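> let me see the structure of the following:
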Amino acid sequence: MPTISRSPSMLSKFHLVYTTSTLKRRHSPVASTAKTSAPKWPPGTLAQTLIMTQVVGVEIVHGTEECRRRSLELLEELGFPKEVLPLKDLEEYGRVHSTGFVWMKQKAATEHYFEKAKSLVRYAEEVTGYVEKGRVKRVVGVKSKQAMLWVPVTEMSIGEDPVMPKICFTTLFGVRKTFPITAFTIDEEPAMTEFELVYRM
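Alright, predicted model coming up:
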């Protein structure tokens, strides 16, 4: 039977590494908390993102008016029309600036029909995504009605043409649909002339 030689130095190194890593796992506050109290969050959930990014800080606001204001400011910052996310009764808005992760919570799922785009869109109670200038990727919580199916929208982006800007939506299956950006804007009524004001009176 062959004899396997073991170098004392190698065994010592292995023992040192194993002991050190084991002690770190056993005595680490994070590891201890995870074993005793923290549930095992599935990958990609909001809770996991907050836990992983708590050291860099997370911006969270509550209240319908404040959440609505922050969401509109975000869309304007990214270059999107303000009506592209017509969420109602927002209860929470959050953003992780270091990663671009954003989430918005509303009281209940809503649907909105964009007349100019001829599209019916459903927004879940929680809508999330990763934002950057002119783009929102890895979107979760937005679906578009295609024929008889609700198809998840995973990304939306703004075209680079400044003359005729367009907005592009990408579905889970890689299908893209492009619309003029005016399809997601509300037309403001033109100011009435003095004659029209007098006539209406």
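> which helices and strands sit right next to the longest strand anywhere in the chain?
In the chain, with assignment by DSSP state E, the single longest strand is strand 119-132. Contacts defined by 3 or more Cβ pairs under 8 Å, 6 or more residues apart in numbering; DSSP states H and E place strand 119-132 against helix 64-78, strand 101-106, strand 110-114, strand 135-146. All C-beta spots, glycine's among them, are computed from the backbone N, C-alpha and C.
> dump it to PDB, restricted to CA.
Below are the C-alpha coordinates for strand 119-132, written out as PDB (Å, rounded to 0.1, in the frame of the first residue of the first chain):
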ATOM      1  CA  SER A 119     -50.300  50.600 -25.000                       C
ATOM      2  CA  LEU A 120     -51.700  49.200 -21.800                       C
ATOM      3  CA  VAL A 121     -49.100  48.900 -19.000                       C
ATOM      4  CA  ARG A 122     -49.400  47.300 -15.600                       C
ATOM      5  CA  TYR A 123     -47.300  48.500 -12.600                       C
ATOM      6  CA  ALA A 124     -46.900  46.100  -9.700                       C
ATOM      7  CA  GLU A 125     -47.000  47.300  -6.100                       C
ATOM      8  CA  GLU A 126     -43.200  47.500  -6.100                       C
ATOM      9  CA  VAL A 127     -41.200  48.600  -9.200                       C
ATOM     10  CA  THR A 128     -37.400  48.300  -9.200                       C
ATOM     11  CA  GLY A 129     -34.500  48.900 -11.600                       C
ATOM     12  CA  TYR A 130     -31.000  50.100 -12.000                       C
ATOM     13  CA  VAL A 131     -30.700  53.600 -13.400                       C
ATOM     14  CA  GLU A 132     -28.200  55.600 -15.300                       C
END
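> ok, residues contacting it?
With contact meaning Cβ atoms under 8 Å, 6 or more residues apart in numbering, strand 119-132 is reached by 46, 74, 78, 85-87, 95, 99-114, 136-145, 150, 153.
> list only buried entries from those.
Buried subset of the contacts of strand 119-132 (neighbour count, 16 or more other Cβ atoms under 10 Å): 46, 74, 78, 85, 87, 95, 101-106, 114, 136, 139, 141-144, 153.
> residue 169 against residue 158, yeah?
No - assessed by Cβ atoms under 8 Å, residue 169 is found out of contact with residue 158, at 11.1 Å.
> who has more neighbours, those two?
Comparing residue 169 with residue 158 by other Cβ atoms under 10 Å, the one with more neighbours is residue 169, at 22 against 19.
> so who does that one touch?
144, 153, 155, 156, 176, 177, 178, 179.
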